[in-house]
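Enquirer: Got a sequence here, can you build the structure:
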Amino acid sequence: MKQLSTLPLLLIVFSLSVTAQNKKKQDQNAIKSMCGCYEVTFNFTETFNYSQDSLYKPSETKIASGLEWAQLVEDNDDKISIQHLLQVGSPTAPHIVKHWRQDWLFENTDFYMFNGDNKWTYQSKPKKEVKNQWTQKVYQVDDSPRYEGSATWVHVDGKSFWENTTTAPLPRREYTKRSDYNVTLRGNRHEITKYGWLHDQDNEKLIRETGKEDVVLAKEKGYNTYVKVDDSRCQAAQDWWKNSQEKWAKVRTKWDEVFARHQNLALHAKVDNKVLFKYLFDDENYSTSAQINPLIESFIIK
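Expert: Down below sits the predicted model:
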């Protein structure tokens, strides 16, 4: 009798386990569907501003397009890594630009949260807070940190999407032009679509000062579409990655060692008046771990 009474409970536990595994597989498929060759359109416009300055000028509307290859770099049960490469210039002789990278980690508990002025605060979250969630960690072109956040992939009504709001540095289109705010609060939505995928953003431009509440300077809308095209159109980017992947694996390994320290992180904007990516893009002088590791260390403020 005792065995019979426990059978329904065992069946429920088994059913929940199978359901969780099926859900995780759906999540993994959605993430990996962002790989491939895409015609990308970037759209950003400032929607509202709250400045008290009568001379305040909103950011110009930004619309740009290009061809982008999203390369699957790592595909494990709890981690999926995708490297983005821009393919620009003449189709017959294109130029490849190493772009951003996104890592997806399942039930990750270690976070580096951007806190303004090239500083990231390390946070460790309890497992219960990230149960069944995926963390998206986004990196700069030099594989230094950018922003990250955790949320649950949602698959409902034929849609697959992931939403999160997190702090981030100023976008590249802004940080050389704007100094009146120092943190972007990014509302990110990644949605898998019939044409490819969509990166929908609702952002706030924040003024952050120690000991004070954040001030919202303005709001911004971002709408970036990734339209899938034949992979052959990104062949040049694929070839570039085959020739460059070993070097960038060494760069990632060094950064992983830095992140594993689980300490707050602050970075110099420049060393000897030169930004990190310009050093690392120099393949002749920065191709080995012996060259790469001390370079990255030199940008870390001790």
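
Enquirer: in what helix or strand does residue 185 lie?
Expert: strand 183-192 (DSSP states H and E).

Enquirer: same check, this time on residue 26
Expert: helix 2-32.

Enquirer: Who are the packing partners of the next helix or strand after that helix?
Expert: For helix 2-32, the following helix or strand on the C-terminal side (DSSP H and E) is strand 36-49. If you count contacts as 3 or more C-beta pairs under 8 Å, 6 or more residues apart in numbering; DSSP states H and E, strand 36-49 packs onto strand 62-75, strand 196-207, strand 215-229. (Each C-beta comes from the backbone N, C-alpha and C, glycine too.)

Enquirer: ok, now with 6 Å
Expert: Secondary-structure packing of strand 36-49 (3 or more C-beta pairs under 6 Å, 6 or more residues apart in numbering; DSSP states H and E): strand 62-75, strand 215-229.

Enquirer: Please give me every residue in contact with the closest residue to residue 67 other than its chain neighbours.
Expert: Once flanking residues are discounted, residue 67 sits nearest to residue 87: 4.4 Å by C-beta to C-beta, 6 or more residues apart in numbering. Residue 87 makes contact with 67, 94, 96, 234, 236, 237, according to C-beta atoms under 6 Å, 6 or more residues apart in numbering.

Enquirer: can you list those in JSON lines and add pLDDT?
Expert: Supplementary listing: the contacts of residue 87 in JSON lines, determined by pLDDT from 0 to 100:
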{"residue": "67", "pLDDT": "97"}
{"residue": "94", "pLDDT": "94"}
{"residue": "96", "pLDDT": "97"}
{"residue": "234", "pLDDT": "97"}
{"residue": "236", "pLDDT": "97"}
{"residue": "237", "pLDDT": "98"}
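
Enquirer: Filter those down to the ones in strands?
Expert: 67, 96 (DSSP state E).

Enquirer: Buried only: go through the contacts of residue 87 for me.
Expert: 67, 94, 96, 234, 236, 237 (16 or more other C-beta atoms under 10 Å).
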